[in-house]
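Asks: Take a look and give me a structure for this.
(one chain, ligands or ions: 2)
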Amino acid sequence: MTAHQATEMQLQLLESLHTQVCKTKNYSYTYGTAGFRDKAAVLDTVMFTTGIIAALRSMSHNGKAVGVMITASHNPPLDNGVKIIEPDGSMLLQSWESHATQLANIAANDTVTQLIQYINEIVATLNIDSNVTPSIVVGMDSRESSPRLMDCLLSTLSPVFMAKIVNHNMLTTPQLHFLTAYQNNHEPSSDDKTVISVSQYDSKFQTAFKDLMNLYEIKDFNDCFESLVVDCANGIGAPQFQQFVKGLPQCNSIKFVNDDYTHPDTLNNSCGADFVKTQQRLPAGVDDSLLNDNNLYCSFDGDADRIVFYYVGNKTTKFHLLDGDKIATLFAKFLKKLLIKANLTQDDIRLGIVQTAYANGSSTTYVLDTLHCPASCTKTGVKHLHHEAQTAYDIGIYFEANGHGTILFSDNFYSKVQERQTIAIKENDLSSLKASKTLLAFSKVINQTVGDAIADLLGVVATLLISKMKPSQWDNEYTDLPNLLSKVIVPDRTVFKTTDQERKLTSPPALQPKMDLLINKIEQGRAFVRASGTEDAVRVYCEGKHADDVKQLSKDIEALIMSEVN
Ligand code: 16G
Ligand code: ZN
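Replies: Ligands and ions are numbered 1, 2, ... in the order given. Next up is the predicted model:
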């Protein structure tokens, strides 16, 4: 719809919907690191405008399906949020983030005429064909506010934009990323009655996992651990993964905790990936009956796009975290070995790891010096890591330390491995043949659209089982340097500006030189400060050889920040 083409009726409709739906006024919104996030109570206006932006984005892609997910991930139950997914399953193109921000702020602070004017501006500047019918795929997490916000989101799509809508209701964020891409790749013919649903996701990843297990004749987890205990953060990952594993006989021994998604007030409460990673301890619900040093444990976050693993040490209940850095290095070691077995060199297929400044220094040293793989560092936020993995490597393994990540395999990867497979068949080189087959089968277990707790879990379990590796062996590959993450509330976090992938502050100007003096005083010291993209605070990360030094460094930097901003 554009003003010059819209009928008078459509304009009136938009005006009355704007009045009905956008109750939050005089408010400032930002499309941040992972979309809009805020208290659910103020998100009606944002949902209304996100529907409009998603429709325009789909039209700009000539009607390809665009996804919209309502979730606030690991945030508390009363928060919510929304993000837009590109037709290929990746995150919204960065240049559109400012359109999303501006439209939300106009809807909250200006008149409907200005709103329509801005929509027209987007249409004109981006040369969008207003005759195209938009196609939108929507989903939401299990929060109490999600259905209400879904109504706000859908309010304009049918009446004003006549959009084609596929509503998947409750599902995980990565499932929606996958199904958005799936819908665009499987445009049904007119006589095809296939309904796109989560069952396509399930069967794709179940089949991939079964194929990989069959290649190694693996029937259960027994070689590596007794059971796998999955903490679902009381979120949507619980019913989705419970349904998923029904199709997998190898996964019979999985036990679930914190799977009460029907009580949204318990979401992320003392459980889930964020709790386990930041508190470095077991989540609620893992009681004595589940504590076993032969078990492997993992935690999803509220929308199941993050995962961390852990185990409890021998004879004590000492907690050992296997975070995103450990997952990335596990995958890198496994895949590198397979490449060598398949007679593929680093020149044929470039395997690399993408991390952020939060990666433990030991993990980076291990990647470079032990695995001899290249490592890149990007700014925080999945879109940055994803982009680097896609552009710099053929096997781009990207993970944030908090457990958010996946692996991207390039076209060159597929063609080179297939080539090697043909040669191995000709030469009857069974070891190389099996390695090539494993590489191809493993790539199918991974959700390449975005980090996915379910797919990453399958990848980790398969890697451990094939490598016959116990959780403690995985952990012992390298030892994390002691580290501390804290946050400081400041009057205005926007004055904190960084460079060098957020590893150095440029503003306030006096802070970095003062921090450097403190950092240089401790052994293997490293620290950085950055403004959070999701909370009104600045984050301080410190690491060093000795835990006491790290604690002191963290305190000193917090004090420096306070003296600088007050
Ligand atoms: C968002 C990001 C996550 C990042 C976190 C940092 C996505 C999908 N999620 O949750 O990757 O680690 O923000 O939060 O990009 P911060 O800016 O508050 O430290
Ligand atoms: Zn999440």
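Asks: For stretch 23-42, measure first residue to last.
Replies: Stretch 23-42 has an end-to-end distance of 8 Å (Cα to Cα, to the nearest Å).
Asks: Could I get the buried residue list for that stretch?
Replies: Across stretch 23-42, burial judged by 16 or more other Cβ atoms under 10 Å covers 24, 27, 29-38, 40, 42. From N, CA and C alone the C-beta is placed, and that goes for glycine too.
Asks: repeat for stretch 509-517
Replies: Across stretch 509-517, burial judged by 16+ other Cβ under 10 Å covers 511-512, 514-515.
Asks: and which of the buried residues of stretch 23-42 is nearest residue 105?
Replies: residue 29 (5.8 Å; Cβ to Cβ).
Asks: What distance do you get for the closest one to ligand 2?
Replies: Residue 29 is 20 Å from ligand 2, where distance means Cβ to the ion, to the nearest Å.
Asks: Quick one: neighbours of the nearest residue to residue 367 once chain neighbours are set aside, just the number.
Replies: Leaving aside its sequence neighbours, residue 367 sits nearest to residue 375 (Cβ to Cβ, 6 or more residues apart in numbering; 4.7 Å). Here the number of neighbours of residue 375 (other Cβ atoms under 10 Å) works out to 19.
Asks: How about residue 375: which residues does it bridge to?
Replies: Beta bridges link residue 375 to residue 353, judged by DSSP bridges.
Asks: wait, what's in contact with it?
Replies: Going by Cβ atoms under 8 Å, 6 or more residues apart in numbering, residue 375 touches 352-355, 364, 367-368.
Asks: how much space between the residue of the stretch 401-550 of the chain at minimum distance from ligand 2 and residue 173?
Replies: Residue of the stretch 401-550 of the chain nearest ligand 2, by Cβ to the ion: residue 404 (7.1 Å). Counting by Cβ to Cβ, to the nearest Å, the separation of residue 404 from residue 173 is 10 Å.
Asks: Please apply the same query to residue 512.
Replies: Distance of residue 512 to residue 173, computed by Cβ to Cβ: 35 Å.
Asks: My guess is residue 144 contacts residue 77. True?
Replies: Yes - look at residue 144 against residue 77 with Cβ atoms under 8 Å: they come within range, at 7.1 Å.
Asks: Show the pLDDT at residue 350.
Replies: Here the pLDDT value assigned to residue 350 is 98.
Asks: Which helix or strand contains the residue nearest to residue 196 when sequence neighbours are not counted?
Replies: Nearest residue to residue 196 in three dimensions, chain neighbours excluded: residue 183, at 5.3 Å (Cβ to Cβ, 6+ apart). In this structure, residue 183 is located in helix 173-185 according to DSSP states H and E.
Asks: Between helix 173-185 and the helix or strand that that helix is followed by, find me the angle.
Replies: Following helix 173-185 in sequence order, the next helix or strand is helix 198-215 (DSSP H and E). Angle between the axes of helix 198-215 and helix 173-185 is 100 degrees (criterion: axes from the mean of the first three to the mean of the last three Cα atoms, to 10 degrees).
Asks: Not counting its own residues, what contacts helix 198-215?
Replies: Outside helix 198-215, the residues touching it (Cβ under 8 Å, 6+ apart) are 168, 171, 175, 178-179, 182, 219, 240, 243-244, 247-248, 250, 434, 437-438, 441-442, 444-445, 447, 454-455, 458, 462, 465-466.
Asks: Common neighbours of residue 144 and residue 77, please.
Replies: Between them, residue 144 and residue 77 share the contacting residues 264-265, judged by Cβ under 8 Å, 6+ apart.
Asks: The two: who's more crowded?
Replies: Applying other Cβ under 10 Å to residue 144 and residue 77 shows that residue 77 carries more neighbours, namely 21 against 14.
Asks: Could you check which residue of the chain lies nearest ligand 2?
Replies: Among the residues of the chain, residue 73 lies closest to ligand 2, at 3.1 Å counting by Cβ to the ion.
Asks: No further questions, thank you.
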